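> Only the shape, not the letters, is given here:
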């Protein structure tokens, strides 16, 4: 019996794979649990169409992410912070402030996708942050901490 997996099944296969299983396993476990569907001709055509559409959407997202990465690499943003007389910042600069500065510059980035080199930025100066835009597409953003 051949089935099309709807999700990853341990020791069997990954999502959207056509696998051969014993009839009882497929009929009594995989199909009722919603892990698989029968590999009929109609289901195979649906699978091929959904894979094609998913690949098209994936390509579109990748091109948008690449364009955003190029824009971020060329961008230098300024983050304002209150500074004491010695040049030390009250508090520290974090990912939320960098995300807000990027939003003002015209690039939407989720703060959870921003990773700072240093744990806490407490001095005025120029730093680099790593931004994860899409699965494997990342960009480095330069930001400058200035006195407010």
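Right, received. Where do you want to start? Keep in mind the model is a prediction, meaning the values are calculated, not measured. Numbering: from 1, shown residues only.

> So what's the model's average confidence on the longest helix belonging to the chain?
Ranked by residue count and defined by DSSP state H, the top helix of the chain is helix 41-73. Averaged across helix 41-73, the pLDDT comes to 94.

> and what of stretch 77-89?
87.

> Now do the end-to-end distance for it.
18 Å (C-alpha to C-alpha, to the nearest Å).

> So what touches it?
90-91, 93, 97-98, 101-102, 104-105, 121-124, 141-148 (C-beta atoms under 8 Å, 6 or more residues apart in numbering). C-beta: built from backbone N, CA, C; applies to glycine.

> Which of those fall within strands?
Judged by DSSP state E, the subset of the contacts of stretch 77-89 located in strands is 90-91, 93, 121-123, 141-147.

> What remains of these if I keep only buried residues?
93, 121, 123, 141, 143, 145 (16 or more other C-beta atoms under 10 Å).

> Just flag the most distant two among those residues.
Maximum pairwise distance in these, criterion C-beta to C-beta, is 18.2 Å, between 123 and 141.
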